[in-house]
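Visitor: fold the stuff below for me.
(chains A and B)
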There are 2 protein chains.
Amino acid sequence: MTLNKSDRVELVHGGGGEAMMNLVNRVIVSKVKIGRIFNGLGIWDLDDGASMPIGDFELVFTSDGYTINPLFFPGGDIGKLAITGTINDLSVMGAKPLAILDDIIVEEGFPVADLEKIISSIISVAESLNIAIIGGDFKVMPKGKLDKIIIASTGIGVAERGRVIRDSGLKPGDKIIVTGTVGEHEIALLSVREGLTFESNIISDLAPLWPLMEKALKVGGITAAKDPTRGGLASTLNEMAKKSRVCIWIYEDNIPIRSEVKAACEMLGLDPLYLACEGRAIIGVEASKAEEVLDAIKSTEIGKNATIIGEVRSEPTGYVVLQTTIGGKRVIEPPIGMPLPRIC
Amino acid sequence: MTLNKSDRVELVHGGGGEAMMNLVNRVIVSKVKIGRIFNGLGIWDLDDGASMPIGDFELVFTSDGYTINPLFFPGGDIGKLAITGTINDLSVMGAKPLAILDDIIVEEGFPVADLEKIISSIISVAESLNIAIIGGDFKVMPKGKLDKIIIASTGIGVAERGRVIRDSGLKPGDKIIVTGTVGEHEIALLSVREGLTFESNIISDLAPLWPLMEKALKVGGITAAKDPTRGGLASTLNEMAKKSRVCIWIYEDNIPIRSEVKAACEMLGLDPLYLACEGRAIIGVEASKAEEVLDAIKSTEIGKNATIIGEVRSEPTGYVVLQTTIGGKRVIEPPIGMPLPRIC
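Guide: Alright, predicted model coming up:
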């Protein structure tokens, strides 16, 4: 997909897929000449955050804008999503979350009570992990100029120097762990938005990953990690495979999915591999440490359904291959734009 | 102004005045229990940024959401505004800007060419000061859900430990410097938005303050600094007077204002003391260093019209007093909400 000067930004450019990468690369990433500090990770790494080595430590920074519809959903709200998303981006980089700054922009007429609920969600997640809320900003846009609220959340975390986890560190032979059942977040949001009811309620998997990652990191042997948000497993595994220049081979039978999510996917015609999660990580681990890391993850509440879903092979480089239940093999393509109804 | 549960956020709550402080204090600042890290400056300080002491240094963080109408104006655009505002918040804290992260959220249908112009403004200011663009995020909201574009910009800067400049450090006897003529930014925006034409074009004062602040800091003796953005001199001087528990006494004759801005204010019925600037700082300096700091500032291009506009007195504590040309005295009240047409 090429862009001309007369082109306009389309929804597909915000979907987290290839269309977005093309636009972002064209208008930002390729134009930047100073893209890192102190030889840390920077904009060209396109990882979950950037880093700045200082002495024995490496500070990690991440910043994301959160827009979501609906604002309140089973298992959370946009406030919990913003702080959790920030914590998770730091966590999958192996960085202990220290502090956040939030820019909150609301539409004129937004109910103060809703604002209080949303901020109370942010504060309560932060306190539960001893994360400081050190600053931010508050703006109001005139009625009709913004749909309700946007939160831009920036996180600061810390890792030992040289111990930051990349999404590009997979090596052939590594095992691939997913830390829990996939897709509840996206289905929970869609169910509210589309007014769908399922036999049993599906609650978003939204949860901070640091307690789980901290345990996994203590065991060691982790070569890569990333959280499967926009575009789900398909998008995230493809990104990891491409950046690591390896093939990720996964087994359909091993992917943990709740039966309610499977049923919802069948009803809605969705592929669960593309569903966004907000409390899951995909972790690559050296084979010799895989079982021990898995046990550590399973010892946490949100990691109890963690599973080894596959392994890293050397070829076909940059591809994700799914071995199906009946033994067939198919390539899992990255999403181009937005294969699913837009939730954020 | 008290708020009830049934209340809604009004435009006045985003104006940078007392109404905003009341709301922000009620829903955020008073609710946070962990509001700083490593005993740095945090959310309760309500300064231009937060800080994190590490070894011999103090990292400074600031984050702001930028919305503006119009997006392009004489002297800049929203991209230049976002990066400059971030640089300036770090600069008035005495921190050398190192890196930024930008979250860019655009409306579906936004012209790619405009996006390129805006981002090119960001990159060009960053490069001119050797500031790294290390990360960020890109989102698209559906048509009608956002008015064009929002940029949330986070900056990371560094100062020597204990040398961070506060907005609360003024002491009686200090001199107050304003680093240039006031109000061009707000008038430039209003003129475009309202379709006004003046005899001579008024260009925004938008400019990064670091080169100026760096020279001033080298001289020493700076006790406080803040940039007079939303609410202009009136808002900023009041905040500094209240936080420092002093009186700021300024002389009307000394305030540098271009005749075109004065004329525009008369035509529009605006008070120039309340006009937003985006390339000016208010700096408190020990009297013995004031002339030397002034000379250093005047040696820079954007500081050539710097002036000592007044001094710090002990009483009446928390007030800003203006001594007029004919010798009268009046208290300059902080803006309650939005005394001026809204530009951001």
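Visitor: C-alpha only now, for contacts and for neighbours.
Guide: Noted.
Visitor: near chain B, anything from the helix or strand encompassing residue A:223?
Guide: Of the helices and strands defined by DSSP states H and E, residue A:223 is found in strand A:222-226. No. Using CA under 8 Å from any CA of the partner chain, strand A:222-226 stays clear of chain B, coming no nearer than 15.8 Å.
Visitor: what residues are up against residue A:60?
Guide: By CA atoms under 8 Å, 6 or more residues apart in numbering or on different chains, residue A:60 lies in contact with A:49-52, A:90, A:93, A:95, A:155-159.
Visitor: re earlier: between the helix or strand following the strand holding residue A:223 and strand A:222-226, how big is the angle?
Guide: Once strand A:222-226 ends, the next helix or strand along the chain (criterion: DSSP H and E) is helix A:232-244. Orientation of helix A:232-244 against strand A:222-226 (axes from the mean of the first three to the mean of the last three CA atoms, to 10 degrees) gives an angle of 130 degrees.
Visitor: which secondary structure elements does helix A:232-244 contact?
Guide: Applying 3 or more CA pairs under 8 Å, 6 or more residues apart in numbering or on different chains; DSSP states H and E, one finds that helix A:232-244 makes contact with strand A:222-226, strand A:247-251, strand A:320-323.
Visitor: can you rerun that using 7 Å?
Guide: strand A:320-323 (3 or more CA pairs under 7 Å, 6 or more residues apart in numbering or on different chains; DSSP states H and E).
Visitor: which residues touch the strand it packs on?
Guide: A:237-238, A:241, A:247-252, A:329-332 (CA atoms under 7 Å, 6 or more residues apart in numbering or on different chains).
Visitor: what sits up against the worst-scoring helix or strand of chain A on mean pLDDT?
Guide: Lowest on mean pLDDT, DSSP states H and E among the helices and strands of chain A sits helix A:18-24, with a mean of 88. Residues outside helix A:18-24 that contact it (CA under 7 Å, 6+ apart) are A:12-14, A:335-337.
Visitor: contacting residues for residue A:158?
Guide: Applying CA under 7 Å, 6+ apart, we find residue A:158 in contact with A:57-60, A:95-97.
Visitor: just list whatever residues bridge to the nearest residue to residue A:225 once chain neighbours are set aside.
Guide: Using CA to CA, 6 or more residues apart in numbering or on different chains and skipping the chain neighbours, the partner closest in space to residue A:225 is residue A:283 (4.4 Å). Counting by DSSP bridges, residue A:283 is bridged to residue A:177, residue A:225.
Visitor: what distance separates the start and the end of stretch A:223-237?
Guide: 14 Å (CA to CA, to the nearest Å).
Visitor: rounded mean pLDDT for it, please.
Guide: Stretch A:223-237 shows a mean pLDDT of 95.
Visitor: just stretch A:245-259 next, same as before
Guide: 97.
Visitor: can you check stretch A:276-287 too?
Guide: 98.
Visitor: could you dump that stretch to CSV, C-alpha only?
Guide: Provided in CSV are the C-alpha atoms of stretch A:276-287 (Å, rounded to 0.1, in the frame of the first residue of the first chain):
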residue,chain,number,x,y,z
ALA,A,276,-6.9,-8.5,21.6
CYS,A,277,-5.9,-9.5,25.1
GLU,A,278,-4.9,-7.0,27.8
GLY,A,279,-3.6,-9.3,30.5
ARG,A,280,-1.6,-11.9,28.6
ALA,A,281,2.0,-12.1,27.5
ILE,A,282,3.8,-14.2,24.8
ILE,A,283,7.1,-15.3,26.2
GLY,A,284,10.0,-17.0,24.5
VAL,A,285,12.2,-19.1,26.8
GLU,A,286,15.3,-21.2,26.3
ALA,A,287,14.1,-24.8,26.1
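Visitor: can you pick the most crowded of the contacts of strand A:320-323?
Guide: Highest neighbour count within the contacts of strand A:320-323: residue A:248, with 34 neighbours (other CA atoms under 10 Å in any protein chain shown).
Visitor: my guess is it contacts residue A:314. True?
Guide: No. Counting by CA atoms under 7 Å, residue A:248 does not reach residue A:314; the two are 8.4 Å apart.
Visitor: start to end distance for stretch A:316-327?
Guide: Taking CA to CA as the measure, stretch A:316-327 stretches 18 Å from start to finish.
Visitor: actually stretch A:12-23, sorry about that
Guide: 10 Å.
Visitor: now swap in stretch A:214-230 and tell me
Guide: Start-to-end span of stretch A:214-230 (CA to CA) is 24 Å.
Visitor: residues in contact with that stretch: which ones?
Guide: Against stretch A:214-230 from outside (CA under 7 Å, 6+ apart): A:15-16, A:92-93, A:165-170, A:236, A:276-278, A:280-286, A:289, A:292-293, A:296-297.
Visitor: same thing but at 6 Å, please
Guide: A:16, A:92, A:165-167, A:169-170, A:236, A:276-278, A:280-286, A:289, A:293, A:296 (CA atoms under 6 Å, 6 or more residues apart in numbering or on different chains).
Visitor: flag every residue of the stretch 1-150 of chain A that's near chain B.
Guide: Counting by CA under 6 Å from any CA of the partner chain, the positions of the stretch 1-150 of chain A adjacent to chain B are A:5, A:7-11, A:14, A:27, A:34-36, A:42-43, A:50, A:63-65, A:103, A:108-113, A:116, A:132-137, A:139-140, A:145-147.
Visitor: filter the residues you listed to the buried ones?
Guide: Neighbour-count burial (16 or more other CA atoms under 10 Å in any protein chain shown) applied to the residues of the stretch 1-150 of chain A next to chain B gives A:8-11, A:14, A:27, A:34-36, A:42-43, A:50, A:63-65, A:103, A:108-113, A:116, A:132-137, A:139-140, A:145-147.
Visitor: just the ones of those residues in helices?
Guide: If you go by DSSP state H, those have A:112-113, A:116 in helices.
Visitor: in a markdown table, list the residues you listed along with pLDDT.
Guide: Supplementary listing: these in a markdown table, determined by pLDDT from 0 to 100:
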| residue | pLDDT |
| --- | --- |
| A:112 | 96 |
| A:113 | 96 |
| A:116 | 96 |
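Visitor: next up, phi/psi of residue A:95, please.
Guide: When read as degrees, to the nearest 10, the backbone of residue A:95 gives phi -110, psi 130.
Visitor: for the one 5 residues further on, same thing?
Guide: The phi/psi pair for residue A:100 (degrees, to the nearest 10) reads phi -130, psi 160.
Visitor: and for residue A:52?
Guide: Torsion angles, degrees, to the nearest 10, at residue A:52: phi -140, psi 100.
Visitor: how much space between it and residue B:88?
Guide: The gap separating residue A:52 from residue B:88 is 21 Å, by CA to CA.
Visitor: those two: which has the busier surroundings?
Guide: More crowded of residue A:52 and residue B:88, by other CA under 10 Å: residue B:88, with 29 against 21.
Visitor: so the more buried one belongs to a helix, correct?
Guide: Yes. Residue B:88 forms part of a helix when assessed by DSSP: H, G, I helix; E, B strand; the rest coil.
Visitor: spit out the contact partners of it.
Guide: Applying CA under 6 Å, 6+ apart, the residues near residue B:88 are B:208-209.
Visitor: for residue A:7, same thing?
Guide: residue B:112.
Visitor: what residues go with each domain of chain A?
Guide: A:1-29, A:45-160, A:175-331 (automatic domain parsing).
Visitor: could you tell me the least trusted of these?
Guide: Across the domains of chain A, domain A:1-29 gives the lowest mean pLDDT, at a mean of 82.
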